[in-house]
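*Asks:* Have a look; sequence and predicted model below, questions after that.
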Amino acid sequence: MSKTLEFFFDYASPYSYLASAQVEVLAVRTGVELRWRPFLLGAVFKATGNVPPISCPAKARYLFKDLAHWTQFLGLPPCRFPEAFPIPSIKANRLGLVAAEQGLIAPFSHAAFRAAFVDGKDLGDGAVLEEVARASGLEPGPALARIENQEIKDALRRNTEEAVARGAFGAPTFFVGEEMFFGNDRLMLVERMLRGA
Ligand SMILES: N[C@@H](CCC(=O)N[C@@H](CS)C(=O)NCC(=O)O)C(=O)O
């Protein structure tokens, strides 16, 4: 049976965006199944007593430089940030789960992260979500209606609770079996584990 790489993330997380640009090639390179698993980072912070790094001014100053270094390193466009902070991502995360139901979570995720961190758009805005849905092949009307469905709300809560129960405290978080890795900068260790080293 092939291994699985579980990728827990939130569309509000710029480091999850960096990871999203790398996980697919990594999964192909190592021959494993990739599971995109949106969760609610704010709830993860609350449950674990953690805080967003940006709430510490010195860390926030470094974080913007760090992200610039990473986007250059990965060949991505420079990061822009939506004005709304913290980024209201609950609807986008639910929409990711709707996209997953239709096998479209990868294109949806790329479109959502691009909207937030390349175009600096507000993912809390219905018109932006509609645009992102359309760009990823979803029918915007029914998809946006579905995010209000209890099944989808529960699925996001379950992903969040499961990640916390398994040890998550931030994003992106990866699991190879029950081995957890935190951060886009740990993908080299993820790869090592996937290769059975
Ligand atoms: N060094 C990590 C940083 C990841 C990071 O700071 N993620 C934020 C969300 S964007 C977080 O959850 N931080 C929690 C923490 O640092 O404890 C990386 O390269 O990915």
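*Replies:* Noted; the coordinates are in hand.
*Asks:* Near the ligand, which residues of this structure are found?
*Replies:* S13, P14, Y15, N50, P53, F169, G170, A171, G183, N184, D185 (CB under 6 Å from any ligand atom). Quick note: C-beta positions are derived from backbone N, CA and C, even for glycine.
*Asks:* quick check, the third one in a helix?
*Replies:* Yes - assigned with DSSP: H, G, I helix; E, B strand; the rest coil, Y15 falls within a helix.
*Asks:* Which pLDDT value belongs to the closest residue to it other than its chain neighbours?
*Replies:* Distances taken as CB to CB, 6 or more residues apart in numbering place N184 nearest to Y15, at 5.0 Å, with adjacent residues excluded. Predicted confidence (pLDDT) for N184: 98.
*Asks:* The residue of the chain found nearest the ligand in helix, strand or coil?
*Replies:* Of all residues in the chain, G170 sits closest to the ligand, at 2.5 Å by CB to the nearest ligand atom. Recorded secondary structure, G170: coil (three-state DSSP).
*Asks:* okay, now the closest residue to A155 other than its chain neighbours: neighbour count?
*Replies:* Of all residues beyond its chain neighbours, the one nearest A155 is L97 (5.1 Å), with distances taken as CB to CB, 6+ apart. Neighbour count of L97, defined by other CB atoms under 10 Å: 24.
*Asks:* list the helices and strands the helix or strand hosting L97 packs on?
*Replies:* Take DSSP states H and E as the rule and L97 turns out to sit in helix 90-101. Judged by 3 or more CB pairs under 8 Å, 6 or more residues apart in numbering; DSSP states H and E, the packing partners of helix 90-101 are strand 33-38, helix 105-117, helix 126-135, helix 140-146, helix 150-165.
*Asks:* Most tightly packed of those?
*Replies:* Of all these, helix 105-117 carries the top mean neighbour count, a mean of 22, counting by mean count of other CB atoms under 10 Å.
*Asks:* and the angle from that helix to helix 126-135?
*Replies:* Between helix 105-117 and helix 126-135, the angle comes out at 140 degrees (axes from the mean of the first three to the mean of the last three CA atoms, to 10 degrees).
*Asks:* show me where pLDDT drops low in this structure?
*Replies:* Low-confidence segments of the chain (pLDDT under 70): 1.
*Asks:* Check the offset of stretch 95-107 from the chain's centre.
*Replies:* Stretch 95-107 sits 13 Å away from the centroid of its parent chain (CA atoms, centre = their mean, to the nearest Å).
*Asks:* Can you measure across that stretch, start residue to end residue?
*Replies:* Stretch 95-107 has an end-to-end distance of 12 Å (CA to CA, to the nearest Å).
*Asks:* Pull out the buried positions in the longest helix seen in the chain.
*Replies:* In the chain, assigned by DSSP state H, the helix with the most residues is helix 57-74. For helix 57-74, burial by neighbour count (16 or more other CB atoms under 10 Å) applies to L63, D66, L67, W70, T71.
*Asks:* Skipping its backbone neighbours, what lies nearest the first one in space?
*Replies:* I take that to be L63. Computed as CB to CB, 6+ apart, the closest residue to L63 that is not its neighbour in sequence is P53, at 5.7 Å.
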